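Enquirer: okay, predicted coordinates and the sequence, questions at the end:
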Amino acid sequence: MSEETLTLTFTELRKGFLRLASRFLPNEEDANDALQEAFCRLWPRRHQINTRQEAEALTVTTVRNLCIDTLRRQHMQMVELDAERDAALTESAADKLEKEEQFHEVEQLIKKYLSPIQQTILKRKEYAGESIEIIARDLGMQPTAVRMQLSRARKIIRECYQNIHKHGTEK
């Protein structure tokens with residue numbers, strides 16, 4: 001594509017590109033900056049762009065991405081450090097201890113009430129973060145069977161945990 005074609009395409013469609021940028025960025029100056037930056041980024045690639053449609057598509061994508069980047073930068077600048085807020089967000093020692101006790105309690109329920117296959121599936125999914133497909137492949141099962149076992153395991157643990165805290169007895 002010639003330099004003239006890219007320039008002509010950009011010039012003819014500039015208002016539309018500006019409207020696109022303005023949807024993301026309410027500040028007109030930021031929208032114009034994004035548009036100018038998009039053109040500057042595309043200019044070195046002008047010989048790789050073959051058609052007007054390709055130039056338009058690349059410009060739209062570039063403008064959109066630049067606007068998103070601008071919004072991210074603005075958001076990051078708006079977040080100020082606040083020692084009081086940050087201190088309030090940290091867990092107290094009592095909260096940490098309570099969570100550890102709950103975690104230990106759930107682990108005991110897993111060992112006591114789940115079959116070995118359910119234990120394996122639950123630990124690999126929840127603790128290791130593995131996908132259903134990988135677990136199924138490794139265990140020689142269908143993904144639907146793994147999902148069913150995982151669902152049953154979660155239900156058993158949830159019911160046991162609720163019974164303990166509601167009635168003081170397991171299952």
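Expert: That came through fine.
Enquirer: could you grab the helix/strand/coil label for residue 48?
Expert: coil (DSSP: H, G, I helix; E, B strand; the rest coil).
Enquirer: next: residue 141.
Expert: Secondary structure for residue 141, judged by three-state DSSP, is coil.
Enquirer: quick one: neighbours of it, just the number.
Expert: 17 (other C-beta atoms under 10 Å). (Glycine included, C-beta is placed from N, CA and C.)
Enquirer: distance-wise, check residue 44 relative to residue 60.
Expert: Going from residue 44 to residue 60 by C-beta to C-beta, to the nearest Å gives 18 Å.
Enquirer: more neighbours, these two?
Expert: Each of residue 44 and residue 60 has its neighbours counted (other C-beta under 10 Å); residue 60 has more, 15 against 8.
Enquirer: helices or strands up against the lengthiest helix in the chain?
Expert: The longest helix of the chain (DSSP state H) is helix 52-78. With contacts defined as 3 or more C-beta pairs under 8 Å, 6 or more residues apart in numbering; DSSP states H and E, the packing partners of helix 52-78 are helix 3-12, helix 14-24, helix 28-42.
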